[in-house]
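> coordinates only, sequence not included:
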């Protein structure tokens, strides 16, 4: 369990929970993790790539880059890097904070 500001996020392999309520779904597509708003027609909130992956300079460590999903149904280049070089849980927290 990771604590961010005043909220606690519980991150499982396929979902993110805050106060026992599901706040996001996670889908994996190769190296990319897509963070989705839960629901019947989920809206993409952001994408997470291994650090440096999108620039061709992949970091060998366990850090990730958080990207927006400006146009939720279109992949890059519409996405924008919003938080480079963070642990996975922090990337998810940044994307969820931006979606509020």
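Looks like it came in fine. No experiment lies behind these values; they were computed from the predicted model shown. Numbering: from 1, shown residues only.
> Which positions in stretch 22-32 come out as buried?
23, 24, 25, 26, 32 (16 or more other CB atoms under 10 Å). In this view, the C-beta of every residue, glycine as well, is placed from N, C-alpha and C.
> Now, those residues that are in strands?
If you go by DSSP state E, these have 23, 24, 25, 26, 32 in strands.
> And the helices in this structure?
Secondary structure of the chain by DSSP state H: the helices cover 88-99.
> all strands for it, in order.
For the chain, applying DSSP E gives strands covering 2-4, 7-11, 15-18, 21-29, 32-36, 44-50, 64-68, 81-86.
> Which of the ones in strands among the buried residues of stretch 22-32 sits closest to residue 15?
Closest approach to residue 15 among those (CB to CB): residue 25, at 5.6 Å.
> ok now do the closest residue to the closest one other than its chain neighbours, which residues does it touch?
Counting by CB to CB, 6 or more residues apart in numbering, residue 25 lies nearest to residue 36, which is 4.5 Å off, once chain neighbours are set aside. If a contact means CB atoms under 8 Å, 6 or more residues apart in numbering, then residue 36 has 24, 25, 26, 27, 42, 43, 44, 45 as its contacts.
> measure the fourth one to residue 50 for me?
Taking CB to CB, to the nearest Å as the measure, residue 27 and residue 50 are separated by 16 Å.
> Which pLDDT does the model give residue 9?
pLDDT for residue 9: 86.
> who's it bridged to?
The partner list for residue 9 in beta bridges (DSSP bridges) reads residue 2, residue 18.
> and it, how many neighbours?
Residue 9: 19 surrounding residues under other CB atoms under 10 Å.
> Verify the stated contact: residue 14 with residue 26.
Yes: assessed by CB atoms under 8 Å, residue 14 is found in contact with residue 26 at 5.5 Å.
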